[in-house]
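[1] missing the sequence, but the structure's below:
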């Protein structure tokens, strides 16, 4: 179900479409992330691709931008409650930040190959279904 909302004017540029199904999926994934701490990307990106038929690169990039808003909120809560080990945070950033950038560059270069959009979602299924540490 898609809802159109007029924002400011009756011009087409003033119309925002809202897919209620995607909004509800985002709500449910947000609840699971809040309860478990499991990364939203491991949940939301496959949901977008497999249930809502969003192409893989759009799902990945949209989920990354969404996390730009979700992660700071969670980080503030944990910093205020003093539940985060800041030395551990530093070492996690040292290892993960460069690899996130590398992964984005690699995907950008691989998308020129025919069929890459169809292969990319298949790479998630084993990891999404694998138990942690398994």
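    Right, received. Where do you want to start? What you are looking at is a predicted structure, and each value in this text was computed from that prediction instead of being measured. Numbers count the residues shown, from 1 in each chain.
[2] can you give me the helices for this protein?
    20-36, 40-50, 56-81, 86-110, 116-129 (DSSP state H).
[3] could you dump those to TSV with mean neighbour count and mean pLDDT?
    The way it works is simple: take the backbone N, C-alpha and C, and place the C-beta from them, glycine included. As requested, the helices of the chain are exported to TSV (neighbours: other Cβ atoms under 10 Å; pLDDT from 0 to 100):
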stretch	mean neighbour count	mean pLDDT
helix 20-36	14	85
helix 40-50	20	82
helix 56-81	14	85
helix 86-110	10	88
helix 116-129	12	66
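[4] now stretch 23-32, how far from the centre of its chain.
    Computed by Cα atoms, centre = their mean, to the nearest Å, the chain-centroid distance of stretch 23-32 equals 11 Å.
[5] Repeat that for stretch 31-46.
    Distance, centroid of stretch 31-46 to centroid of chain: 8 Å (Cα atoms, centre = their mean).
[6] And stretch 82-102, by the same measure?
    Centre-to-centre, stretch 82-102 and its host chain are 18 Å apart (Cα atoms, centre = their mean).
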